[in-house]
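K.L.:
Build me a structure from this.
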Amino acid sequence: MQYHFNDIEAKWQKYWAEHKTFQAKNQSEKPKYYVLDMFPYPSGAGLHVGHPLGYIASDIYARYKRHKGFNVLHPQGYDSFGLPAEQYAIQTGQHPAITTETNIATYRRQLDQIGFSFDWSREVRTSNPEYYKWTQWIFVQLFNSWFNNDSGKAEDISTLETIFSAEGNTTVNAVCDDNIEPFTAEAWHSFSSEQKQDVLLQYRLTYLAETEVNWCPALGTVLANDEIVNGVSERGGHTVVRKKMTQWSMRISAYAERLLQGLNTIDWTDSLKESQRNWIGKSVGASVTFNVKGHDDKIDVFTTRPDTIFGVNFMTLAPEHELVAKIVTAEQKADVEAYIEKTAKRSERERMADVKTISGVFTGAYAEHPFTKEPVAIWIGDYVLASYGTGAVMAVPCGDQRDYDFANHFGITIPNIFEGVDISETAFGEKGKTKLMNSDFLNGLAYKEASKKAIEALEAIGQGEGKTNYRLRDAVFSRQRYWGEPFPVYYVNGKPQMIAMEHLPIRLPEVEKYLPTETGEPPLGRADVWAWDTELNTVVSNEKINNTTVFPLELNTMPGWAGSSWYFFRYMEEASKRGDAFASEDALNYWESVDLYIGGSEHATGHLLYSRFWVKFLKDRGFVNIEEPFKKLINQGMILGTSAFVYREEGTNTYLSHGLIEGKSVSPIHVKVQYVNASDELDIEGLKTDGEFGEDFKDAEFILEDGVYKVGREVEKMSKSKYNVVNPDQICAEYGADSLRLYEMFLGPLEQAKPWNTAGITGVHGFLKKLWKLYIGEESVNVTDAEPTKDNLKTLHKTIKKVEDDIENFSFNTSVSTFMIAVNEFNAQKCVSKAVLEPFLVLLSPYAPHIAEELWSQLGNLESISEAPFPEFDGSHLVESSKVYPISFNGKMRFTLELSLDLGKGEIEKIVMAHEKTQDQLQGRTPKKVIVVPGKIINIVG
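P.N.:
Numbers count the residues shown, from 1 in each chain. Modelled structure (predicted):
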């Protein structure tokens, strides 16, 4: 019987689907275990072989946990709102929902053919209105909440209104907007409804504000910082500029300290935790207020070094700081405006990363030093960010290298405030015991004491206070796109009103085109039916807007991270049983949180931070009972592609083979790897007739070496744009899904990047053929009820130990080697024992489930192998009962002798001395000494 892997894999995939083999139960006597992958965005290109890496790893672990007796939840779904479908809609006019549905069908087919043990009964799609109904509901809960610093958590906004009604806002300790005007209870009662709405909006956890955003004109939308790479959009590489817009924002800054502290309670990698710590950016220091000379305005700065206050001799504002336009002098206005325009073309990340470029402009204005009252020049510079701190820094060039370089560049004097320190070539940034000078009442004090005294003095004159600051900024939550969650918001006289839960979801309207309007409104501005009737409680035609009962709806949509910030809760309920809640209380209590989460590290400061924020909020409001969503997180590495290049000679249509390019002026051009064989030889005719870009090469001349055209090779990210994508469909057709699964694990450690080489898969495919022949003969099954030998059991149990240890430590690559070794040993032992070969299949099953199921069935088992318990390791089978001793004469080994390990020193010596080979060596001589170390050596001297 032959190993027909395509038939076997189709058979068992059908069996699993029909028997709902991997459908989890919401109540079970077994302990629960929740394994989750970061769900994919269903792109038009489908999966390439790099995508399944994390899914295979999680599937191995999920299958292993089932074997170990756990009730495993291993669901899958789609992060199906996204910019690519919208871009395609703009180009073709096809509704993104149609594109997305087509792409999902491709993904589902590809995922099924790889044999994942997903529970599809719980599938989620973020673009499904029945799903985003609850995303809208969470937004409403955030709007109806504020963060009480006294209780350390979010509370219903009604509790804040109660405080305002009883005592005003002077005693309220909340995370809120800056510079809120104090008011009494009497004043609160005198406010109009609209005034009260304005006040409350300054405290709500989601709020409207004019903020600096990353605007991408080509995409027509705002981008989050993590959607920008090297100053351009991650999607498409388009220019991004900074501009002010009225946007919805999320007050994630309220949770900064809890997000930091929560990292100590979860099992994530140190590097990932450090990424979040750095992003949150906690700093302890002081807030200092500088008065602006000639103006009523003040500039607040945060500093971690209040002890250096007397070293301040200039200030730098972010170019986009709101005071710049007010305080700039007429003489400096043109230079300042030109600099601001130039800076607007650089993203915040680009400005933060650029530590070499020094630039700035003097505003012509001065602030007043809080103690000396001396003038302090006010500059603008793009190394200061409006979104970090207050958007202003007090410059102490003698104590900060960036300030030092800035001062030197612009010829600003650098006063020294550190005793015995030479600052002629570099700033002095240490916090140790160096004492201060030229610092008035701080003279002679070191960092710690001086900082305390400086803060006390600032507080005494009302120009500062001790403060803890965080780099984490509130998250902009609006996107000027069509294909995203609509906000459940309408506007009455410009004030946002929430739509009640019973009327959700608010569905996306139909639009003629998916572009922003000619007047610059988002695509929803093109909808004809996009107004809210407060009497009918439904969406109606815009023509009916009367601002008494029918009002305009919000035109922005939510960002991509909205739906992914809570999807893991939705999986806790089967789709058919989802009632009037995002998940039932019983389901939330049973599954609690994700036990194992696998995905890419690129989400460290995006999805992983936002989802932690939303979970903490939902816990505060009593909707869930956990503080952290993901107990253990593993970042899989990337499978890289091996790109192929042809080399065009400059100024010609001639392409030189790789071995001929030395000393030539050539341009490397990517070509599809499908036209290159294992010897790096190009199929020129295939390339010239390619439907996508064959035209580019139709008339080209290819200069060969030794009769063939050799391409150049380079390992790069696997990407459609680099034409180095390998389709898993092709691999599954030629080698089978089990070969793909084993090979992806065999490539190297899960968390590391590794290059793909299709030629390498033949090794694991050959192993599976060898495995098949171990169990199945030409006519029948080889396996019998024969008693296992000692060597059979030794091989089995050392394999059990190694595979279990590897899976628990996520070292899947070494397990594949262990399987290969075991099969080789079983073949050498001529093993046919069912008592050994049957449990071996259970070990293999998480990695190669199809062949394991088939062989399990061939051995007479009627239930799926997934129901079988994981074999128990018995160490006694690894304990050796005998030892093969090297018998040495004067240190030189002459022969070996197997002896029982139970023998004592005297017994060993007696047996060895009586052996005929010993007598041959001694030739009748009596040795001077016999050295015996039981279990190690035997040496006869003399």
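K.L.:
what's around residue 791, how many residues?
P.N.:
Using other Cβ atoms under 10 Å, residue 791 is surrounded by 15 other residues. Where C-beta positions appear, they are placed from N, C-alpha and C, glycine not excepted.
K.L.:
and stretch 368-381, average pLDDT?
P.N.:
Mean per-residue pLDDT for stretch 368-381: 97.
K.L.:
Relative to the whole chain's centre, how far out is that stretch?
P.N.:
Here stretch 368-381 shows a centroid-to-chain-centroid distance of 43 Å under the convention Cα atoms, centre = their mean, to the nearest Å.
K.L.:
Next: stretch 884-898.
P.N.:
For stretch 884-898, the distance to the chain centre is 58 Å (Cα atoms, centre = their mean).
K.L.:
So what touches it?
P.N.:
When contacts are defined by Cβ atoms under 8 Å, 6 or more residues apart in numbering, stretch 884-898 is touched by residues 882-883, 899, 908, 911-912, 915, 917-918, 921, 937-942.
K.L.:
Looking at those residues, which is nearest residue 169?
P.N.:
residue 883 (83.7 Å; Cβ to Cβ).
K.L.:
wait, what's in contact with that closest one?
P.N.:
898-899, 901, 935 are the contacts of residue 883 under Cβ under 8 Å, 6+ apart.
K.L.:
Please report how far residue 52 lies from residue 116.
P.N.:
8 Å (Cβ to Cβ, to the nearest Å).
K.L.:
Oops, could you answer that again for residue 352 instead?
P.N.:
40 Å.
K.L.:
In terms of neighbours, single out the busier of the two.
P.N.:
Shown here are residue 352 and residue 116; by other Cβ under 10 Å, residue 116 has more neighbours (24 against 13).
K.L.:
Excluding chain neighbours, give the residue nearest to that one in space.
P.N.:
residue 59 (5.0 Å; Cβ to Cβ, 6 or more residues apart in numbering).
K.L.:
Hmm, residue 72 and that neighbour touching each other?
P.N.:
No. At 10.5 Å, residue 59 does not count as touching residue 72 under the criterion of Cβ atoms under 8 Å.
K.L.:
Show me which of the contacts of residue 883 are buried.
P.N.:
Neighbour counting by 16 or more other Cβ atoms under 10 Å classes residue 899 among these as buried.
K.L.:
of the contacts of residue 883, the lowest pLDDT goes to which?
P.N.:
The model is least sure about residue 901 among those, giving it 86.
K.L.:
Need the phi and psi values for the nearest residue to it once chain neighbours are set aside.
P.N.:
Of all residues not flanking residue 901 in the chain, residue 883 sits nearest, at 5.4 Å (Cβ to Cβ, 6+ apart). Phi and psi for residue 883, reported as degrees, to the nearest 10, are phi -140, psi 130.
K.L.:
now residue 883: how far from residue 249?
P.N.:
On the measure of Cβ to Cβ, residue 883 and residue 249 end up 73 Å apart.
K.L.:
Now do the end-to-end distance for stretch 116-129.
P.N.:
Taking Cα to Cα, to the nearest Å, the first and last residues of stretch 116-129 lie 27 Å apart.
K.L.:
For the stretch 551-700 of the chain, which segments are assigned as strands?
P.N.:
Ranges of strands in the stretch 551-700 of the chain, per DSSP state E, counting those that start in this stretch, are 594-599, 630-635, 639-649, 654-656, 666-671.
K.L.:
Mean neighbour count and distance to residue 772 for the ones you listed - can I get that in a markdown table?
P.N.:
What follows is the strands of the stretch 551-700 of the chain, written out as a markdown table (neighbours: other Cβ atoms under 10 Å; distance: least, Cβ to Cβ, whole Å):
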| stretch | mean neighbour count | distance to residue 772 |
| --- | --- | --- |
| strand 594-599 | 23 | 30 |
| strand 630-635 | 20 | 32 |
| strand 639-649 | 21 | 27 |
| strand 654-656 | 21 | 45 |
| strand 666-671 | 18 | 37 |
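K.L.:
Please name whichever of these is nearest to residue 869.
P.N.:
Of the strands of the stretch 551-700 of the chain, nearest to residue 869 by Cβ to Cβ is strand 594-599, at 19.9 Å.
K.L.:
Using CSV, list the CA coordinates for the closest one.
P.N.:
C-alpha atoms of strand 594-599 as CSV (Å, rounded to 0.1, in the frame of the first residue of the first chain):
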residue,chain,number,x,y,z
VAL,A,594,-6.2,33.5,26.7
ASP,A,595,-3.6,31.0,28.0
LEU,A,596,-1.3,31.1,25.0
TYR,A,597,-1.3,33.8,22.3
ILE,A,598,1.0,33.6,19.3
GLY,A,599,1.7,36.3,16.8
